[in-house]
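Asker: Build me a model from this:
(one chain, ligands or ions: 1)
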Amino acid sequence: MEVYAYEPLGYEGCLVRIEVDIRRGIPAIDIVGLAAAAVRESRERVRAAIRNSGYEFPQDRILINLSPADLPKEGASYDLPIAVRILSAAGAIPECGNDILVMGELTLDGKIHAVRAVLPAYIQAAKLGIRHFVVPRESAAELGEFWQPDHGKVYAIDCINDLAAIMLAVRNGKEAENPDALFVSDPPKGGLVQVGGLAQVGTGSSRNSYCQKGKQAFNTRKPDFSDYHGDKALMRALVIAAAGRHNILLFGPPGSGKTAAALRFPSLLPPLTENEALEVGVIWSLYGKSPSEPIQGKDKGWVVNSPDSLNVPGSEARTRAKVDCCEGVSETQFGVTGESVFLRSGWQYPPVRAPHHSASCEGMIGGGHPIKPGEISLAHRGLLFLDETTEFRRDVLQSLREPMEKGYVTIVRAGRTVQYPASFQLIMAANPCPCGNLGSPVKTCVCSPQEIQRYWKKLGGPLLDRIDMRVPVGAPTPEALLSSESGQQRRMLESVLQAVRAQELRMAAGVPQGTPFVRNGDFSPDQVSAFCNLTKDAHLLLAEKAQQLGLSARACHSILKLGRTIGDLDGKEVLDASVIEEAIGYRQFGDGDLYWPF
Ligand SMILES: [Zn+2]
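Answerer: Numbering: from 1, shown residues only. Modelled structure (predicted):
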């Protein structure tokens, strides 16, 4: 029997083998293997928890080795595996005879608290052929959506006194007869495989497609555009951005509805595929929260993935009396029943993050001690919304450039290098000038041209260059405000889903098998030349405009990518001049000398 714990280091992390040696001597516990303070303190928690659970703690010298020895260990998830090792070495609980992964933080009375990173630990352990997982009941729920029957058994545990029964169950294989221990109502098909550095569930499942779900059923996020009165051009731009996953900057005077439009934007996003949901799940598990938990933001509610997301399974389990789980342990008690947290909270919704403009670099790209993913990784496969973008610190804004290019972020802290995926869609909102009145027909701007220049310089050319769409938002007209258009949200969402479907079909037909599907906004230069075919007129128009406006190669690519999305929305396989003209319109502001239409 080997007992493994897990050290969350970067996206994948590392399994840690726990070894114990008990010998005669002055009673003491030593932990070796680069244990940080929280791990070293676990010996006191373990001692108290074992005693208070009714076991006798060995009055001997105990040496605990955490292997590999050169990997620094942090966090409290080592408590339970160390306790398992000590109890089985002392003969207090039976040996289970199999390799097991054990995670959990102990309280002094022997209860087990949730820990972070249970999902990536499970994925790593499953890859190494470990078939038995003992995790805190509260944390087990996050495995729910991604657990697969051929990967072994998951035992949700409440207190140390459950251990003996679990070990017996593992040894005797009894758990195989216990359907309640299998807590997934609809397990995904296929196996866990490693593709491109990210854990993915095997392809072939219908859920690896964006649009095969019922269109009506998907995306009931609120607020949505049914109560939004904006002009037609803005709505069109938002549909294009959602369909092609293009980065977008909305700028205009205060009160023109930029923020309101951005807040409603998540209601247009297509569902995550199963692979994407797994990546998102792993990152949020490393962060130690569920994606459904509300985040900071000035508007309550829009980042909550579903209305019932606060109803987290397992919260009832926490209140269970200790006596329940100690007397007459039945097998069903190890099972987590009910739907998983992802299923309940709508795991298929892309995550949305809206950090405040006081965010630090560390908060934005990740870091800290222990290292955790930042906002850009929490927004992986989803949306990062920067309201009042120009109020963000310049170095914070500039730190977004590299992850936007690569789709992941590399963090170096205290000699450790870790990577987190960070492929997000950026949506920014900003006033046109420091006072906000530039371009207003009624108010007067009091800013000097130099101030306006300085204001926009903060965004920086290189960052702005990665924004495909720059859309001016004017104050809504009284007629637009009074008009009530029914079915607006449904029409917009249907256009988006139809355009995403078109992209899926094209990529499926056109790329070598195994290439990850990307949407138009994430095209590589090769994909741009492969998929963006122009008519002769369109070609001439683009060449002429490129010279006239001094467009860079990146700007031309960005126009072609936008053109591809417009073509997908309008059902055009070959892009004609009108498509290119519309695409150039979204790109015309902000390149070279800053020119704004006010
Ligand atoms: Zn001004």
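
Asker: Can you check the pLDDT for the spatially closest residue to Gly366 that is not a sequence neighbour?
Answerer: Nearest residue to Gly366, sequence neighbours excluded (CB to CB, 6 or more residues apart in numbering): Gly374, at 3.5 Å. C-betas here are computed from N, CA, C, even on glycine. As predicted, Gly374 sits at a pLDDT of 94.

Asker: Against the ion, how distant is Gly374?
Answerer: When distance is defined by CB to the ion, to the nearest Å, Gly374 is 32 Å away from the ion.

Asker: can you count the residues close to that residue?
Answerer: Neighbourhood size, Gly374 [other CB atoms under 10 Å]: 27.

Asker: give the contact list for it.
Answerer: By CB atoms under 8 Å, 6 or more residues apart in numbering, the contact list for Gly374 reads 362-367, 409, 420.

Asker: Tabulate the residues you listed (TSV), appending neighbour count, distance to Glu504 and secondary structure.
Answerer: Formatted as TSV, the contacts of Gly374 follow (neighbours: other CB atoms under 10 Å; distance: CB to CB, whole Å; DSSP: H, G, I helix; E, B strand; the rest coil):
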residue	neighbour count	distance to Glu504	secondary structure
Glu362	17	37	helix
Gly363	17	34	helix
Met364	26	31	helix
Ile365	23	31	helix
Gly366	28	31	strand
Gly367	19	36	strand
Val409	24	27	strand
Tyr420	25	26	strand
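
Asker: and which of these is nearest to Pro271?
Answerer: Closest approach to Pro271 among the contacts of Gly374 (CB to CB): Tyr420, at 22.5 Å.

Asker: measure that closest one to Val280 for me?
Answerer: 12 Å (CB to CB, to the nearest Å).

Asker: Tell me which stretches of the stretch 251-400 of the chain form helices.
Answerer: Taking DSSP state H, counting those that start in this stretch to define them, one finds helices in the stretch 251-400 of the chain at 258-264, 274-287, 315-318, 322-326, 341-345, 361-365, 375-378, 394-398.

Asker: of all the ones you listed, which lies closest to Ala156?
Answerer: Closest approach to Ala156 among these is made by helix 315-318 (7.8 Å; CB to CB).

Asker: Taking the stretch 451-598 of the chain, what residue is nearest to the ion?
Answerer: In the stretch 451-598 of the chain, the residue that lies nearest the ion is Ile452 (6.8 Å; CB to the ion).

Asker: Any buried residues in the helix or strand in which that residue is found, and which?
Answerer: Secondary structure from DSSP states H and E places Ile452 in helix 449-457. By 16 or more other CB atoms under 10 Å, the buried positions in helix 449-457 come out as 452, 455-456.

Asker: List the contacts of stretch 557-570.
Answerer: For stretch 557-570, the surrounding residues in contact (CB under 8 Å, 6+ apart) are 239-240, 243-244, 246, 468-469, 495, 498-499, 502-503, 520-521, 523, 525, 528, 531-532, 534, 538, 542, 551, 572-575, 579-580, 582-584, 586-587.

Asker: Now, those that are in helices?
Answerer: The helices, defined by DSSP state H, take in 239-240, 243-244, 495, 498-499, 502-503, 525, 528, 531, 538, 542, 579-580, 582-584, 586-587 from the contacts of stretch 557-570.

Asker: quick revisit: please tell me I have it right and the residue of the stretch 451-598 of the chain closest to the ion contacts Cys435.
Answerer: No - Ile452 is beyond contact range of Cys435, at 9.5 Å (criterion: CB atoms under 8 Å).

Asker: Show me how the protein divides into domains.
Answerer: Domains of the chain are assigned by automatic domain parsing as 3-193, 198-320+344-482, 504-587.

Asker: export the buried residues of helix 449-457 to TSV and tack on distance to Ala475?
Answerer: What follows is those, written out as TSV (distance: CB to CB, whole Å):
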residue	distance to Ala475
Ile452	19
Tyr455	20
Trp456	20
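
Asker: Okay, now the unreliable bits of this protein?
Answerer: 144-145, 147-149, 173-219, 290-347, 484, 511-515, 590-598 (pLDDT under 70).

Asker: where does it come near the ion, residue by residue?
Answerer: Within the chain, the residues that sit near the ion (CB under 5 Å from the ion) are 433, 435, 438, 445, 447.

Asker: mind redoing it with 6 Å?
Answerer: Contact residues, the chain versus the ion (CB under 6 Å from the ion): 433-435, 437-438, 445-447.

Asker: a markdown table for those residues, including neighbour count?
Answerer: Rendered in a markdown table, the data for those read as follows (neighbours: other CB atoms under 10 Å):
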| residue | neighbour count |
| --- | --- |
| Cys433 | 25 |
| Pro434 | 16 |
| Cys435 | 18 |
| Asn437 | 18 |
| Leu438 | 21 |
| Cys445 | 18 |
| Val446 | 11 |
| Cys447 | 17 |
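
Asker: which among those gets closest to Val118?
Answerer: Relative to Val118, the closest of these is Pro434; by CB to CB it sits at 47.0 Å.

Asker: Got phi/psi on the closest one?
Answerer: phi -60, psi -40 (degrees, to the nearest 10).

Asker: quick one, what contacts it?
Answerer: Here Pro434 is in contact with 447, 451-452, 455 (CB under 8 Å, 6+ apart).

Asker: got it, and Ser423?
Answerer: 380-381, 407-408, 522.

Asker: Which element, helix or strand, includes it?
Answerer: Following DSSP H and E, one finds Ser423 outside all helices and strands.

Asker: do the same with the one 3 residues further on
Answerer: Per DSSP H and E, Leu426 falls inside strand 425-430.

Asker: so how far is that strand off the chain centroid?
Answerer: Relative to the centre of its chain, strand 425-430 is centred 18 Å away, using CA atoms, centre = their mean, to the nearest Å.

Asker: so what does that strand touch, helix or strand wise?
Answerer: For strand 425-430, the elements it packs on are strand 248-251, helix 258-264, strand 383-386, judged by 3 or more CB pairs under 8 Å, 6 or more residues apart in numbering; DSSP states H and E.

Asker: now these in a markdown table, with distance to Glu12 and mean neighbour count?
Answerer: Putting those into a markdown table (distance: least, CB to CB, whole Å; neighbours: other CB atoms under 10 Å) gives the following:
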| stretch | distance to Glu12 | mean neighbour count |
| --- | --- | --- |
| strand 248-251 | 32 | 25 |
| helix 258-264 | 33 | 23 |
| strand 383-386 | 23 | 24 |
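
Asker: Is it possible to get TSV of the ones you listed that adds distance to Pro476?
Answerer: As requested, the helices and strands packed on strand 425-430 are exported to TSV (distance: least, CB to CB, whole Å):
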stretch	distance to Pro476
strand 248-251	13
helix 258-264	10
strand 383-386	20
